[in-house]
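Chemist: got a predicted model here, sequence first, then my questions.
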2 protein chains.
Amino acid sequence: MEHTPIACSHHDHDHCISDALEAARQVCLGRGVRLTDLRLQVLELIWQNHKPLGAYTLMEMLAKANTRRVAPPTVYRALDFLLEQGLIHRINVLNAFIGCPSPTTKHQSHFLICRACGIAIELNQPALSQQIIGVAQDAGFVVESQSLEVSGLCANCAGNSEHPVHEHGHQHA
Amino acid sequence: MEHTPIACSHHDHDHCISDALEAARQVCLGRGVRLTDLRLQVLELIWQNHKPLGAYTLMEMLAKANTRRVAPPTVYRALDFLLEQGLIHRINVLNAFIGCPSPTTKHQSHFLICRACGIAIELNQPALSQQIIGVAQDAGFVVESQSLEVSGLCANCAGNSEHPVHEHGHQHA
DNA sequence: GACACAAAGGTTATATAGTAACATAGTCGA
DNA sequence: TCGACTATGTTACTATATAACCTTTGTGTC
């Protein structure tokens, strides 16, 4: 039996956003790094929904919100900061970025990405991380980071959900 | 106890190349698709070593080999063909391409990528693929393709090899 | 407050990666 | 040898990302 990811099921997404922003504030406070207006704004835009956003899409959104031109380095620097702090992840197959729901706990980047609706569901599967580390170790390989990007159809889009279908939702499966 | 991947250990890489090209010929013959000069040339260049190559690097190599300009679409079309036939894989974290040692058997794209020497070691771990499918299934997600890219240090570069260190090697671990 | 320093952001230009659209040239069966 | 199809050539362009340099802002120290 499957349990539909929160990201796929009906949920109060404003709550997602406020939680994420609050978590980010705490993380930055604790680490003595500055969550500036720009960085916060980028993070907030990324959290608008559960679909990864490209840097240039973000640029346009920023330009619109601030009613002035925003150049690539501005966005990329903010993204670099957020990546370093683990507040977002990069989805390589999409050249895009998505918010991390659990920036405080060290974890690897494992995602399910729906080709139909575009959402990316972050997995939280320490056992899987461990198995990957084990496989690498057997080859004498020292793991520094993992990127697992599984493409396919999410529960909603596959007609595979036991819940009423809705736009968002997430889960640490 | 670890067994050093072939890709990391001393080996006759010419043999790798000729095996790969012969396998490619068989695959294309069997499927009734054409392994043209250009496609073969691109595949051969990709197999020069176990390091993923970018499309533009390939372009330059082609231009040099053919002593005339080669434009991006030329390379990308050849790459698209090779990807479709499963003769190469794309490494997303590097925007680069690498030869597949087992194009006949259906499998997912799982790689160990060394940040020091640049080699990419393809894993052959059906159990891992299955575990990933299982995790996805628990979330009601239908898997279509997997991309696992593990970054770190290979056995050689980590000083982790029981064999004399050498430039190449591969393995289906 | 005034200064010095560091960190963040702005600006311009450019590098790198990938594609659209259309023209030309082989391949192969009828 | 004609026509249809596939592959490649060519030009132009879009998308993604970074380098280099400058200006502003925050922060600690006097």
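Modeler: Perfect, I can see it now.

Chemist: in its sheet, what does the lengthiest strand in chain A sit against?
Modeler: In chain A, with assignment by DSSP state E, the single longest strand is strand A:142-153. Strand A:142-153 pairs in its sheet with strand A:109-114 (parallel), strand B:142-153 (antiparallel), by DSSP bridges.

Chemist: can you give me the buried ones in it?
Modeler: A:142-143, A:146-153 (16 or more other CB atoms under 10 Å in any protein chain shown). For the C-beta atoms, the positions are set from N, CA and C on the backbone; glycine is no exception.

Chemist: quick check, A:F97 in a helix?
Modeler: No - according to DSSP: H, G, I helix; E, B strand; the rest coil, A:F97 belongs to no helix; its state is strand.

Chemist: what's the closest non-adjacent residue to it?
Modeler: A:I88 (5.1 Å; CB to CB, 6 or more residues apart in numbering or on different chains).

Chemist: I'd like to know the phi and psi angles of that neighbour, please.
Modeler: Backbone geometry at A:I88, expressed as degrees, to the nearest 10, gives phi -140, psi 160.

Chemist: what does A:F141 give?
Modeler: phi -90, psi 130.

Chemist: right, and it touches B:S151 too?
Modeler: No - between A:F141 and B:S151 there is no contact, the gap being 9.8 Å when judged by CB atoms under 8 Å.

Chemist: let me see the confidence value for A:N124.
Modeler: We have a pLDDT of 96 for A:N124.

Chemist: that one: neighbour count?
Modeler: 15 (other CB atoms under 10 Å in any protein chain shown).

Chemist: from memory it sits against A:S102, does it?
Modeler: Yes - at 6.9 Å, A:N124 and A:S102 qualify as touching, with contact defined as CB under 8 Å.

Chemist: next one: the lowest-mean-pLDDT helix or strand in chain A to chain centre, how far?
Modeler: Least confident helix or strand, chain A: helix A:13-31 with a mean of 93, by mean pLDDT, DSSP states H and E. Put simply, helix A:13-31 sits 13 Å off its chain's centre (CA atoms, centre = their mean, to the nearest Å).

Chemist: which other helices and strands contact that helix?
Modeler: Helices and strands touching helix A:13-31, by 3 or more CB pairs under 8 Å, 6 or more residues apart in numbering or on different chains; DSSP states H and E, are helix A:37-46.

Chemist: which residues touch the next helix or strand after the helix it packs on?
Modeler: With elements assigned by DSSP states H and E, the helix or strand that comes after helix A:37-46 is helix A:55-66. Under the criterion CB atoms under 8 Å, 6 or more residues apart in numbering or on different chains, residues A:41-42, A:45-46, A:53, A:69-72, A:74-76, A:79, A:95-97 lie in contact with helix A:55-66.

Chemist: got a PyMOL select line for the buried ones in the residues you listed?
Modeler: Buried subset of the contacts of helix A:55-66, written as a PyMOL selection, criterion 16+ other CB under 10 Å:
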select buried, chain A and resi 41+42+45+46+53+70+74+75+79+96+97
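
Chemist: out of the contacts of helix A:55-66, who's near DNA strand D?
Modeler: Checking the contacts of helix A:55-66 against DNA strand D by CB under 7 Å from any atom of the strand, the ones in range are A:71-72, A:76, A:95.

Chemist: export the residues you listed as CSV, with columns for pLDDT, secondary structure and distance to DNA strand C.
Modeler: Formatted as CSV, these follow (pLDDT from 0 to 100; DSSP: H, G, I helix; E, B strand; the rest coil; distance: CB to the nearest atom of the strand, whole Å):
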residue, pLDDT, secondary structure, distance to DNA strand C
A:A71, 98, coil, 4
A:P72, 98, helix, 5
A:Y76, 98, helix, 9
A:N95, 98, coil, 8
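
Chemist: for chain A, which residues are neighbours of DNA strand D?
Modeler: Counting by CB under 7 Å from any atom of the strand, chain A sits next to DNA strand D at A:34, A:54-57, A:71-73, A:76, A:95.

Chemist: dump the residue contacts of the residue nearest to A:F97.
Modeler: For A:I88, the contact set (CB under 8 Å, 6+ apart) comprises A:43, A:46, A:79, A:82, A:97-100.

Chemist: do that again at 10 Å, thanks
Modeler: The contact partners of A:I88, taken as CB atoms under 10 Å, 6 or more residues apart in numbering or on different chains, are A:20, A:24, A:42-43, A:46-47, A:52-53, A:78-79, A:81-82, A:97-100, A:103.

Chemist: quick one: stretch A:120-130 near chain B?
Modeler: Yes - applying CB under 10 Å from any CB of the partner chain, one finds that stretch A:120-130 is in contact with chain B at A:121, A:123, A:125, A:127-128.

Chemist: mind listing which of those are in helices?
Modeler: A:127-128 (DSSP state H).

Chemist: ok, of the residues of stretch A:120-130 next to chain B, which one's closest to B:R115?
Modeler: Proximity of the residues of stretch A:120-130 next to chain B to B:R115 (CB to CB) peaks at A:L128, which lies at 21.9 Å.

Chemist: with pLDDT added, can I get the buried residues of strand A:142-153 in CSV?
Modeler: Below are the buried residues of strand A:142-153 laid out as CSV (pLDDT from 0 to 100):
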residue, pLDDT
A:V142, 97
A:V143, 98
A:Q146, 98
A:S147, 98
A:L148, 98
A:E149, 98
A:V150, 98
A:S151, 98
A:G152, 98
A:L153, 97
